[in-house]
Structure formats: structure tokens, C-alpha cells
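[1] coordinates only, sequence not included:
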């Protein structure tokens, strides 16, 4: 009986150009995408290793139980060693006693962090960006400018750009990540009250942040590409 071979299809980016929109959703021009950033092959093994390491490094170890030396009390021997007919005990704070210490509980001294090399982080980020670009989930906008923090202006921008780029931002969570070329308080505060959007600086992007959201909106691509290459 012949066995049927199953092949896994690799997702590779073929996007070399993209449309650049203004804040009101109008097409400004077509820009060329750097091949080293948006033309990398999809490497699920590397992306999985890097994203799990990022999650482990972000993990806060707060669970902590007290052992018998940390529980208060128990300094006096419960009863004399011999002659009572009962088992020998030296402290009422033994793990087998009620109100005693925990023998093998979680300790806050445990370190969950994992080391990830810079080349691995960079390759995983480029692979994630290339996959997003190939699937049409990366939008590019011209420089954003907010005179003052205003959520209404940010919502109008999101609606206009989503309509122009054919994106669906109706998800209740992790709909899009807006990547700024540089930090600006007015920009951050304008998007802060939109629950399904998140903001980040381009220089702080990583594979986990990119893949955790459906769409990626990159502001000021020229400056963003220069930051990503670094």
C-alpha cells in the first residue's frame, strides 16, 4: 500500500513595494521595502524559540512559600524525646505539622529567564515582519502629528487608514500594533484609550509583539527602516 507524503508549505515574503498613506487615509506614494527586513524566509522554529524566551524573560516570579525555617514559632520542642509513646518531633513547624512550613513549594528565587542572542532576535523579527508583509497585514503611514492628546483624532486616523488599506480592525483585542518612529507623548496618549490597539516604538519591536497583533501599522517608514536595520 503506497503511503501518501505530506509536505509543509513554507510562507515566504514576496512583497517588495507597499503603499504609503497619510493620516486621513489618502494614498501618498508607493515605497520600496528593504529585502533584508521584509524579504526574509518564514522560520517557525526560530520564531517559536525567540517568542517563548521573550515570554519567559517577561515572567514575574511572585509565588513564594515559606519553609520550616521561615515560619514563625516552633522554637520549643513539642515534648521530650523519649518516654511519651509518641513519635519524636523537634519542632511544630515541620512540614508534616499543621501550620508548618511547606516542603517543596514554589520559591521566588527561581529564575525563568532565557538567553537569546542578538542575531536570533533580529532574524526572528525580520521573519515575522516578512510574513506579515506577505499576508498584507502591514500598513505604512506618513508622519503622525497630534497637537494634543485626543482619542477622537486617533480613532478617525485608524478608521481612515484601515479603510484605505483594506484592514479589518473590528477585533475586540490585539487588532493592531501602531509602531512610532520616535516617542511622542501626544501620540501615545491619543491611542491609550483604544482598547484593541497597542503602541510601541519601532526600535523596541520584537517577534512576539508583531505576531501578537493582527495588523502592524508603521509610521514614518524611512526612519522606521533605519531603526530596524540597527
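    Structure's in. What do you need? As the structure is a computational prediction, the values presented were derived from the model and not from experiment.
[2] Might you list the low-confidence residue ranges for this protein?
    1-15 (pLDDT under 70).
[3] could you pull out the strands for it?
    With DSSP state E as the criterion, the chain has strands at 17-21, 27-32, 138-141, 176-180, 197-201, 215-219.
[4] mind listing what's buried in the third one?
    Neighbour counts using 16 or more other Cβ atoms under 10 Å place 138-141 of strand 138-141 among the buried residues. (Glycine included, C-beta is placed from N, CA and C.)
[5] hmm, back to that, so which of the strands of the chain gets nearest residue 72?
    strand 197-201 (44.4 Å; Cβ to Cβ).
[6] what's the angle between the closest one and strand 176-180?
    On the basis of axes from the mean of the first three to the mean of the last three Cα atoms, to 10 degrees, strand 197-201 is oriented at 30 degrees to strand 176-180.
[7] what's strand 197-201 in contact with?
    158, 169, 174-183, 187-188, 191-192, 209, 213 (Cβ atoms under 8 Å, 6 or more residues apart in numbering).
[8] Run me through the strand neighbours of that strand, direction for each.
    When pairing is defined by DSSP bridges, strand 197-201 lines up against strand 176-180 (parallel).
[9] Could you export the strands of the chain as a markdown table, including distance to residue 72?
    Listed next are those as a markdown table, based on distance: least, Cβ to Cβ, whole Å:
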| stretch | distance to residue 72 |
| --- | --- |
| strand 17-21 | 64 |
| strand 27-32 | 66 |
| strand 138-141 | 57 |
| strand 176-180 | 48 |
| strand 197-201 | 44 |
| strand 215-219 | 53 |
